[in-house]
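Novice: Got a predicted model here, sequence first, then my questions.
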Amino acid sequence: MKRSLEHIQYTDDTETLARFAKALGHPTRITILQYLEKQSCCFTGDLVDVLPFSQSTISQHLKELKNAGLIQGEVNPPKIKYCIHQENWKIAKRLFKSFFE
């Protein structure tokens, strides 16, 4: 018998955890987060200097992390300074810890 998931109501925490997990689903994004955690903040160009990817590739990964709410960007024309979104980072840690326990 085939079951449909269309009628399942997910909790806010479940949806948030899934959003964070999806954003963490690429090794480059994990590397970016690890770098940001050590540096507190950086510009895209800083990541281009330490990672073997083009600026456009890094920008795409930054966009995914920002859309998930794991990082935030502060516009300093013509650059954007990125850092970990501390409040959401704490939420992500709590949700992953709870999920794996």
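Specialist: Perfect, I can see it now. Just so you know, these numbers come straight off a predicted model, no measurement behind them.
Novice: okay, and for this protein, where does confidence drop off?
Specialist: The chain contains residues with pLDDT under 70 at 1-6.
Novice: Apply 50 and report the result again.
Specialist: Residue ranges of the chain with pLDDT under 50: 1.
Novice: Run through the helices of it in chain order.
Specialist: For the chain, the helices defined by DSSP state H occupy 12-23, 27-39, 44-50, 55-68, 86-100.
Novice: I figured Asp13 hits Leu95, correct?
Specialist: Yes - Asp13 is within contact range of Leu95, at 5.9 Å (criterion: Cβ atoms under 8 Å). For every residue, glycine as well, the C-beta is placed using N, CA and C.
Novice: quick one, which of these two is more surrounded?
Specialist: Leu95 (18 against 13; other Cβ atoms under 10 Å).
Novice: And that one, how far from Val50?
Specialist: Applying Cβ to Cβ, to the nearest Å, the value for Leu95 to Val50 is 29 Å.
Novice: Glu64 too?
Specialist: Using Cβ to Cβ, Glu64 is found at 19 Å from Val50.
Novice: Neighbour count for these two, which is higher?
Specialist: More neighbours surround Glu64 than the other of Glu64 and Val50, with 19 against 13 (other Cβ under 10 Å).
Novice: Pull the contacting residues for the more buried one.
Specialist: Going by Cβ atoms under 8 Å, 6 or more residues apart in numbering, Glu64 touches Ala23, His26, Arg29.
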